[in-house]
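Asker: Structure here, sequence nowhere to be found:
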């Protein structure tokens with residue numbers, strides 16, 4: 001929480017202050033505490049309080065209150081049946097001890113509010129503590145005799161940031177290597193959720209312009225990763241070079257998409273025993289055979305002529 005300058009009533013040791021996270025994401029829920037600190041032993045200490053809190057209703061919504069009843073064995077109140085007004089951005093509540101409960105000295109939290117951030121802010125969203133001036137009150141804290149316990153008021157703010165949404169491809173592996181026409185090629189794709197919320201998205205695998213496989217990853221949690229496995233039957237593929245490309249569809253409000261694609265170059269060679277491999281060899285062998293026959297015929301004719309001359 002980023003504290004603002006204290007609004008000093010007097011130079012006092014007692015504060016009524018806010019405690020909350022410094023930064024939250026849009027859509028997240030957080031707790032804000034209103035705390036009384038440095039309560040003096042004035043008429044025994046704190047015997048009652050009545051507080052108002054204000055915020056920007058366009059940025060924050062309050063969903064509930066938790067009052068601290070633990071420091072008084074018995075009490076009166078709370079006195080406001082509907083303490084939360086989200087249209088106005090206001091909370092109002094009051095509580096007092098009931099005899100024979102003992103007043104409080106030192107530090108205690110008065111109430112915890114459950115809040116939800118509903119919009120991002122360029123600057124922090126301020127929370128302002130107030131006395132219930134509408135009912136003529138000037139301070140928040142009271143002693144057993146109903147006198148004010150004089151105190152400072154320390155406001156605060158929470159910085160609300162947009163939710164980060166990003167998924168990425170971490171790795172792409174392809175086997176076997178080398179691969180032949182007719183092989184069943186195994187493709188493994190590792191994807192990760194780098195964002196702040198669970199994501200559902202599609203992963204598509206292509207060989208050149210042909211879609212091999214598309215799978216959906218459901219509800220992948222933030223900072224989690226998973227492996228997508230698919231097979232490519234190359235029985236109908238031609239030998240040659242292929243670009244195996246993996247794509248993740250762009251999710252809503254994802255700003256960095258360069259890591260949503262991964263490409264790997266592979267080569268498919270003719271299958272072992274194919275005519276593309278052995279055809280040239282057979283042709284070369286045939287030529288050798290024909291050559292040998294021609295040479296044998298030539299030798300036979302040459303010998304016959306020599307014998308005739310003799």
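Answerer: Arrived safely. Quantities reported herein were computed from a predicted structural model and do not represent experimental measurements.

Asker: Show the pLDDT at residue 99.
Answerer: Per-residue pLDDT puts residue 99 at 89.

Asker: what about it, which SS state?
Answerer: Taking DSSP: H, G, I helix; E, B strand; the rest coil as the rule, one finds residue 99 in the coil state.

Asker: Can you tell me the closest non-neighbouring residue to it?
Answerer: residue 74 (7.7 Å; CB to CB, 6 or more residues apart in numbering). C-beta here means a position set from N, CA and C on the backbone, and glycine is covered the same way.

Asker: how near is the one you found to residue 47?
Answerer: With distances taken as CB to CB, to the nearest Å, residue 74 is found 12 Å from residue 47.

Asker: Break this structure down into its structural domains.
Answerer: 2-161, 167-269 (automatic domain parsing).

Asker: Output the ones you listed in JSON lines, with mean neighbour count appended to each entry.
Answerer: Shown next, in JSON lines, are these (neighbours: other CB atoms under 10 Å):
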{"stretch": "domain 2-161", "mean neighbour count": "17"}
{"stretch": "domain 167-269", "mean neighbour count": "15"}
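
Asker: mean pLDDT lowest for which of the ones you listed?
Answerer: Lowest mean pLDDT of the domains of the chain: domain 2-161, a mean of 89.

Asker: Secondary structure class of residue 65, three-state.
Answerer: Residue 65 - assigned by three-state DSSP - is strand.

Asker: my read: it touches residue 95, true?
Answerer: No - using CB atoms under 8 Å, residue 65 is not in contact with residue 95, being 11.0 Å away.

Asker: Residue 206: what's it in contact with?
Answerer: 212, 243-247 (CB atoms under 8 Å, 6 or more residues apart in numbering).

Asker: out of those, which are inside strands?
Answerer: Of the contacts of residue 206, the ones assigned to strands by DSSP state E are 212, 243-247.

Asker: Just name the closest of those residues to residue 60, please.
Answerer: Nearest to residue 60 out of those is residue 247 (CB to CB; 38.6 Å).

Asker: Do you have the helices of the protein handy? List them.
Answerer: 275-309 (DSSP state H).
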